[in-house]
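Enquirer: everything below, folded, please.
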Amino acid sequence: MIINGYETSQVLDNLDPDTLYDVSLTAIYPDNTESDEVSASELTLVDRGPSNLRFSDVRGNRFRIHWDHGSRDVALYKLSWVPCRGTDKKEMIINGNETSQVLDNLNPDTFYDVFLTAIYPDNTESDEVSSFQRT
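Expert: Alright, predicted model coming up:
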C-alpha cells in the first residue's frame, strides 16, 4: 500500500489472529528514488474470548447465563458447568451467534461453577472465562 508522506503510522486491519506478520517500509522521494527498506515482525494477538458473564431467571433447578461476544468471528462456544467442589462436569457446544443459554436440571440450592470458551473457525480456542451462580 502507498501512504501519504506526512503520515507516521498506519493501521493494518483484517489480519489473522495469532499470526506472525513481516512489515516493510520504504520512503519514496519526489524524484521517485527510494530509501533503504526498514522492516519489523509482529505477532497479532489471539482473538478475545467472551466476557461479562451474568445470570438471570435463577430458579430452584435452573438459571440462564448471558455473555458478550469477544470477537465477531466466533464459530462456536463451549459451555461447561459443575457443582462447586463437585466432579460431575457437564459440557455443551453452542452456536457462535448465541449470547445466552439456559442451564436446567440443576441441583436445588447449589453453587455452580460455569466456564465459557469461544471456538474459532480454525478450531483455536479463546481463554476460558468463568463465574459462579447458586440455584
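Enquirer: within its sheet, name the partner strands of the helix or strand of the chain with the lowest mean pLDDT and how each one runs.
Expert: Counting by mean pLDDT, DSSP states H and E, the chain has its least confident helix or strand at strand 38-43, which shows a mean of 90. Strand 38-43 pairs in its sheet with strand 20-25 (antiparallel), by DSSP bridges.
Enquirer: pull the CA atoms of the strand it pairs with into PDB?
Expert: Extracted as PDB, the C-alpha positions of strand 20-25 are listed here (Å, rounded to 0.1, in the frame of the first residue of the first chain):
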ATOM      1  CA  LEU A  20       3.400 -13.500  12.700                       C
ATOM      2  CA  TYR A  21       3.500 -10.700  10.100                       C
ATOM      3  CA  ASP A  22       6.600  -9.100   8.400                       C
ATOM      4  CA  VAL A  23       6.100  -5.500   7.600                       C
ATOM      5  CA  SER A  24       8.400  -3.400   5.400                       C
ATOM      6  CA  LEU A  25       8.600   0.300   4.800                       C
END
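Enquirer: list the buried residues for it?
Expert: Neighbour counts using 16 or more other C-beta atoms under 10 Å place no residue of strand 20-25 among the buried ones. From N, CA and C alone the C-beta is placed, and that goes for glycine too.
Enquirer: and the contacts of that strand?
Expert: With contact meaning C-beta atoms under 8 Å, 6 or more residues apart in numbering, strand 20-25 is reached by Leu12, Leu15, Glu37, Val38, Ser39, Ala40, Ser41, Glu42, Leu43, Thr44.
Enquirer: between these, which sits nearest Phe115?
Expert: Proximity of these to Phe115 was ranked by C-beta to C-beta; the top entry is Thr44 with 25.3 Å.
Enquirer: returning to what we had before: out of the contacts of strand 20-25, what pair is the most spread apart?
Expert: Maximum pairwise distance among those (C-beta to C-beta): 21.7 Å, between Glu37 and Thr44.
Enquirer: so these two - more neighbours on which side?
Expert: In this view Glu37 and Thr44 are compared by other C-beta atoms under 10 Å, and Thr44 has more residues nearby, 13 against 9.
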